[in-house]
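1. below is the sequence, then the predicted model.
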Amino acid sequence: MHYVIWAPDKADSKERRAAARPKHLEFWGNSPLKLVLAGPMIDEATGAMKGSMLLIEAESLEAVRAQAEIDPYWTEGVFERMEISAVRLPLGYLAEKLGSA
């Protein structure tokens, strides 16, 4: 099953994001869950990072939530909140590559 994590940053977290970024990248790069796609959400007006989106393949929502709750961006106060949801990928290039179409 695929899950999406949508996590906007706290308004005052620019420095915390920069400080935690290496740990965040290493954390997800070594995750026991399959990271399909990830990247920062961008403020179109300023180009600044304003949150994160991750697409994860995992056995359960609980497994994704447990991993997300120890992400350095969460534990170090970068994210305002995290929304995690199962998703279906019926259309598009990525759906075809993942065999979800």
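-> Nice, thanks for sending it over. From a predicted model like this one, the values you see are computed outputs, not experimental measurements.
2. which residues are in contact with the closest residue in space to Glu57 that isn't next to it in sequence?
-> Leaving aside its chain neighbours, Glu57 sits nearest to Lys34 (4.0 Å; criterion: Cβ to Cβ, 6 or more residues apart in numbering). C-betas here are computed from N, CA, C, even on glycine. Lys34 makes contacts with 56-58, as judged by Cβ atoms under 8 Å, 6 or more residues apart in numbering.
3. all the helices of the protein, in order from the start?
-> Using DSSP state H, the helices of the chain run over residues 14-29, 61-68, 72-75, 93-98.
4. so what secondary structure elements neighbour the first one?
-> Just to be clear, that refers to helix 14-29. Contact partners of helix 14-29 among helices and strands, from 3 or more Cβ pairs under 8 Å, 6 or more residues apart in numbering; DSSP states H and E: strand 34-42, helix 72-75.
5. let's see that with 10 Å instead.
-> For helix 14-29, the elements it packs on are strand 34-42, strand 49-57, helix 61-68, helix 72-75, judged by 3 or more Cβ pairs under 10 Å, 6 or more residues apart in numbering; DSSP states H and E.
6. other SSEs contacting the second one?
-> The reference is to strand 49-57. Against strand 49-57 (3+ Cβ pairs under 10 Å, 6+ apart) you get strand 2-8, helix 14-29, strand 34-42, helix 61-68, helix 72-75, strand 83-87, helix 93-98.
7. for the fifth one, packing partners?
-> What that stands for is helix 72-75. Applying 3+ Cβ pairs under 10 Å, 6+ apart, we find helix 72-75 packed against strand 2-8, helix 14-29, strand 49-57.
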